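**Q** Sequence first, predicted coordinates after that:
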Amino acid sequence: MADTYDVIILGGGTGGYSCAFRAADLGMSVALVEREKVGGTCLHWGCIPTKAFLQAAEVAEHARDAAGYGVRASFDGVDMPQVVKFKNGVVDANYKGLAASLKARGVDVINGVGRLKDARTLVVSSGEGERTLTAGKALVLATGSKVRELPVEGAAIDGERIISSDHAIHLERVPQRPIVLGASAVGVEFTSVFRGFGAEQVTLIEALDSVVPREDVDAQEALARDLKRAGVKVLTSTMVTGVEKGADGVRVTTEQGDSYEGDILLVAIGRRPVSEDMGFDDVGVTLDHGYAVVDEYCRTGPTWDGGAQYAIGDLIPTLGLAHASFQEGFLVAEHVAGQRVTPIDYAGVPRVYYCHPEIGSVGWTEQELTEQKVSFDKNLFPLSHNARAMMQKASGHVKVLSAKEGGRVLGVHIVGPHATDLIAEGQLIYNWEALPSDVASFIHPHPSLSEAIGEAHLALAGKPLHG
């Protein structure tokens, strides 16, 4: 059976379904092909379940620290089956809502494994046989990513002693001595989860010279300091060279000759694109280390009269963030519809980490500006000067970087409670190319964490208040 659609999308994750929504809203016929459940990594294995775990860990921390606020409470441990049930409830509610929205907007969701036959033709295999789909205007590749494994002898992920984040969201018990390998988003978030759940000792190992290597130097130092203060053993510039499993745990050996023992090893060294065994090479999709090479409009190269191929989400070498792929999906749908679109400025996409303390950032880091020899001014406003943060016994800061002599804001970096929410204002400031003096004229509510954003800009504008 052959079917023709204006837009065919291979992959039902955040990039794929956002593209499907927008294309359908613009009046195009859309088929969304997904081998598992729509929602992809973010909904079923990444963003949503991990943040549900982090929410439970935060509640545990509040219970443990209640006496410091004058509240009588006790922390009696974590019931992991109930935590998993809570997490599953959040995921299921989101999945049902997503499926209902796809149906309501007229998107045909086709379950099966897709393989490209040519630039515009997709063959979908399922238990019911094969189905051939033909794209009239666009074939969008949104095949996502999967966990990157550690290329070290003995380090193969087995789901028991050596696990990935896919396994961590199904844990039936709290590990007491977890070793976390990788200190980017997944690694620092699960470090916070294990610490919040009451693990005896958490060891965090990073091969590069800092935690959250993509972030501003002051954010890196602030997070490392807080993790160490909480009892986490933080090891940077540390390359793992060997892994050995035993009956009761796992031993990790480093190139320095040191060894560390734990009951589990969580490998969180990133994700790699899913681009193999789907016919990409056969039809002319250019791949670089597994990533699809695209132009500023996410076009991959293969075209036909009246149509083209696109790639979005984790399949392209951008930020690997769900909210970035939402925008990529919208951009592609609108480009296919012939609308005027603006290429994405990825520096203007918020980067968020839901560890404790949280990190939210947008724009350039101090290291990047220094490397590019860009002259800049900076102000770091500590949350120790913010009354709302004091009430929460929080540490952290708001750091703002701007072009010299009152020029536009080049970066906003927040460490502390609700940083992942507060950075929304930073995104507006950066993307609207605001000056510190522009932001200084805005009134932030008092007492609030958002005041720290205003205070940092006030200082750069030459009229500091509490700083």
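**A** Sure, I can see it.
**Q** make it CA atoms for all contacts and neighbour counts henceforth
**A** OK.
**Q** Can you give me the neighbour number for Asp263?
**A** Burial of Asp263 is recorded as 19 neighbouring residues (other C-alpha atoms under 10 Å).
**Q** List the contacts of the closest residue to it other than its chain neighbours.
**A** Nearest non-adjacent residue to Asp263, counting by C-alpha to C-alpha, 6 or more residues apart in numbering: Gly249, 4.0 Å away. Contact analysis of Gly249 by C-alpha atoms under 8 Å, 6 or more residues apart in numbering lists Arg161, Glu261, Gly262, Asp263, Ile264.
**Q** contacting residues around the first one?
**A** If a contact means C-alpha under 8 Å, 6+ apart, then Arg161 has Lys245, Gly249, Val250, Asp263, Ile264, Leu265 as its contacts.
**Q** just the residues you listed now: which is nearest Arg35?
**A** Proximity of the contacts of Arg161 to Arg35 (C-alpha to C-alpha) peaks at Leu265, which lies at 29.0 Å.
**Q** Within its sheet, name the partner strands of whichever strand or helix holds that closest one and how each one runs.
**A** Using DSSP states H and E, Leu265 sits within strand 264-267. Paired neighbours of strand 264-267 in the sheet (DSSP bridges): strand 162-163 (parallel), strand 178-181 (parallel).
**Q** deepest of these, which one?
**A** For these, average neighbour numbers computed from mean count of other C-alpha atoms under 10 Å are highest in strand 178-181, which has a mean of 27.
**Q** what comes into contact with that one?
**A** Residues contacting strand 178-181 (C-alpha under 8 Å, 6+ apart): 187, 190-191, 194, 199, 201-206, 261-269.
**Q** possible to save the contacts of Gly249 as a markdown table with pLDDT and distance to Tyr17?
**A** Putting the contacts of Gly249 into a markdown table (pLDDT from 0 to 100; distance: C-alpha to C-alpha, whole Å) gives the following:
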| residue | pLDDT | distance to Tyr17 |
| --- | --- | --- |
| Arg161 | 94 | 35 |
| Glu261 | 95 | 42 |
| Gly262 | 96 | 40 |
| Asp263 | 95 | 38 |
| Ile264 | 96 | 35 |
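**Q** Any chance of JSON lines for those residues, columns distance to Ala337?
**A** Below are the contacts of Gly249 laid out as JSON lines (distance: C-alpha to C-alpha, whole Å):
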{"residue": "Arg161", "distance to Ala337": "49"}
{"residue": "Glu261", "distance to Ala337": "56"}
{"residue": "Gly262", "distance to Ala337": "54"}
{"residue": "Asp263", "distance to Ala337": "53"}
{"residue": "Ile264", "distance to Ala337": "50"}
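**Q** ok, Ala135 - contacts?
**A** Contacts of Ala135 (C-alpha under 8 Å, 6+ apart): Thr4, Tyr5, Asp6, Val7, Ile8, Arg120, Thr121, Gly307.
**Q** and of the residues you listed, the nearest to Gly301?
**A** Closest approach to Gly301 among these (C-alpha to C-alpha): Gly307, at 10.8 Å.
**Q** Strands of the stretch 151-300 of the chain, start to end?
**A** Taking DSSP state E, counting those that start in this stretch, the strands of the stretch 151-300 of the chain run over residues 162-163, 178-181, 203-205, 233-235, 240-245, 250-254, 259-262, 264-267, 271-273, 287-288, 291-292, 299-304.
**Q** Can you say which of those is packed in most?
**A** The most buried one of the strands of the stretch 151-300 of the chain (mean count of other C-alpha under 10 Å) is strand 178-181, showing a mean of 27.
**Q** Now that one: average pLDDT?
**A** Strand 178-181 carries an average pLDDT of 98.
**Q** any idea how far it is from the chain center?
**A** Relative to its chain's centre, strand 178-181 lies at 19 Å (C-alpha atoms, centre = their mean, to the nearest Å).
**Q** Same check on stretch 155-169?
**A** Distance of stretch 155-169 from its chain centroid, counting by C-alpha atoms, centre = their mean, is 19 Å.
**Q** List the buried residues in that stretch.
**A** For stretch 155-169, the neighbour count (16 or more other C-alpha atoms under 10 Å) marks Ala155, Ile157, Gly159, Arg161, Ile162, Ile163, Ser164, Ser165, Asp166, Ala168, Ile169 as buried.
**Q** Run through the residues that contact the fifth one.
**A** Spelled out, that is Ile162. Ala155, Ala156, Val250, Ile264, Leu265, Leu266, Val267.
**Q** What's the separation between the third one and Thr132?
**A** The one in question is Val250. To Thr132, Val250 is 48 Å away according to C-alpha to C-alpha, to the nearest Å.
**Q** again with the last one
**A** The span separating Val267 from Thr132 equals 38 Å under the rule C-alpha to C-alpha.
**Q** go on, the second one?
**A** In this structure, Ala156 and Thr132 are 37 Å apart, going by C-alpha to C-alpha.
**Q** Arg225: neighbour count?
**A** Neighbour number of Arg225 under other C-alpha under 10 Å is 13.
**Q** now Glu255
**A** When neighbours are counted by other C-alpha under 10 Å, Glu255 registers 12.
**Q** what's in contact with stretch 222-239?
**A** Residues outside stretch 222-239 that contact it (C-alpha under 8 Å, 6+ apart): 195, 201-211, 254-256, 357, 396, 415.
**Q** Check which helix or strand Tyr5 maps to.
**A** Per DSSP H and E: Tyr5 is located in strand 2-10.
**Q** same for that strand, what does it pack against?
**A** helix 14-25, strand 30-34, strand 129-141 (3 or more C-alpha pairs under 8 Å, 6 or more residues apart in numbering; DSSP states H and E).
**Q** buried stuff in stretch 421-432?
**A** For stretch 421-432, a neighbour-count test (16+ other C-alpha under 10 Å) marks Leu422, Ile423, Gly426, Gln427, Ile429, Tyr430, Asn431 as buried.
**Q** Just put those in a markdown table and tack on secondary structure and pLDDT.
**A** As requested, the buried residues of stretch 421-432 are exported to a markdown table (DSSP: H, G, I helix; E, B strand; the rest coil; pLDDT from 0 to 100):
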| residue | secondary structure | pLDDT |
| --- | --- | --- |
| Leu422 | helix | 98 |
| Ile423 | helix | 98 |
| Gly426 | helix | 97 |
| Gln427 | helix | 97 |
| Ile429 | helix | 98 |
| Tyr430 | helix | 98 |
| Asn431 | helix | 97 |
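**Q** Pick the one among those residues closest to Val294.
**A** Asn431 (23.1 Å).
**Q** who's in contact with that closest one?
**A** By C-alpha under 8 Å, 6+ apart, the neighbours of Asn431 are Gly348.
**Q** rerun at 10 Å
**A** Asp345, Ala347, Gly348, Val349, Val362, Gly363, Val409, Leu410 (C-alpha atoms under 10 Å, 6 or more residues apart in numbering).
**Q** List only buried entries from those residues.
**A** The neighbour-count criterion (16+ other C-alpha under 10 Å) marks Ala347, Gly348, Val349, Val362, Gly363, Val409, Leu410 among the contacts of Asn431 as buried.
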